[in-house]
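K.L.:
Need coordinates for the following:
(one chain, ligands or ions: 1)
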Amino acid sequence: MTIAIASDHGGFALKTYLINYFANQGVRLDDLGTHSEESCDYPLIADKLCRHVLEKKSEFGILICGTGIGISIAANRHKGIRAALLYDNDVAHLACEHNNANVVVFGGRTQKPEDVIQYLQTFMNASFEGGRHQRRIDELDTIGE
Ligand code: RB5
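P.N.:
Numbers count the residues shown, from 1 in each chain. Reported below is the predicted structural model:
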């Protein structure tokens with residue numbers, strides 16, 4: 001499974017933590033930046049990762065900014081991207097089962113790394129339920145035009 005990850009400076013420390021954690025589990029995260037604590041703009045980071053996911057270079061993506069809010073807004077501007085901010089275990093499996101999220105989002109300044117690991121594992125072990133949820137996902141691409 002190919003998983004891409006990207007953050008702004010507010011998520012850089014958490015991104016580094018996740019890359020190292022998953023490397024120890026034998027899972028490589030494809031790091032799309034940023035590569036330091038130097039200030040950068042989360043919309044451009046979100047755009048880079050979302051294009052990567054939409055071009056099917058990764059099965060899903062992980063985005064991190066300070067709160068997870070700005071980078072969620074940016075990601076969800078992309079048609080075909082369903083970015084979900086995971087903040088508890090139920091949300092983590094429902095984001096897959098109901099929303100078929102292809103980007104998961106965290107707040108580097110608001111969430112504990114060990115919680116984030118748990119939410120990621122829950123998300124990755126879940127399966128999309130389809131049915132009425134597929135219909136609603138299809139509707140996402142037809143609204144707001
Ligand atoms: C950057 O300081 C911060 O605004 C950003 O990481 C994010 O929290 C925005 O929503």
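K.L.:
need the residues of this structure near the ligand, please.
P.N.:
Within the chain, the residues that sit near the ligand (CB under 6 Å from any ligand atom) are D8, G10, Y42, C65, G66, T67, I69, G70. No exception for glycine: its C-beta is placed from N, CA and C like everyone else's.
K.L.:
Looking at these, which are in strands?
P.N.:
Judged by DSSP state E, the residues of the chain next to the ligand include C65 as members of strands.
K.L.:
With adjacent residues omitted, what lies nearest to K79?
P.N.:
Excluding the flanking residues, the one nearest K79 by CB to CB, 6 or more residues apart in numbering is D141, at 6.1 Å.
K.L.:
so the one you found touches R82, yeah?
P.N.:
No: using CB atoms under 8 Å, D141 makes no contact with R82, being 10.2 Å away.
K.L.:
How many neighbouring residues does R82 have?
P.N.:
The number of residues packed near R82 is 18, by other CB atoms under 10 Å.
K.L.:
On the three-state scheme, the closest residue to it other than its chain neighbours is what?
P.N.:
Distance criterion CB to CB, 6+ apart; nearest residue to R82, sequence neighbours excluded, is A101 at 4.9 Å. At A101 the chain is in coil, as set by DSSP: H, G, I helix; E, B strand; the rest coil.
K.L.:
what residues are up against A101?
P.N.:
F60, R82, A83, A84, A95, F123 (CB atoms under 8 Å, 6 or more residues apart in numbering).
K.L.:
Touching, the fifth one and Y87? I think so.
P.N.:
No: counting by CB under 8 Å, A95 does not reach Y87; the two are 10.1 Å apart.
K.L.:
Of the two, which one has the most company?
P.N.:
A95 (23 against 17).
K.L.:
Dead centre of this structure: give me the residue that sits there.
P.N.:
What sits nearest the mean C-alpha location of the chain, by CA atoms, centre = their mean, is V104, with 2.4 Å.
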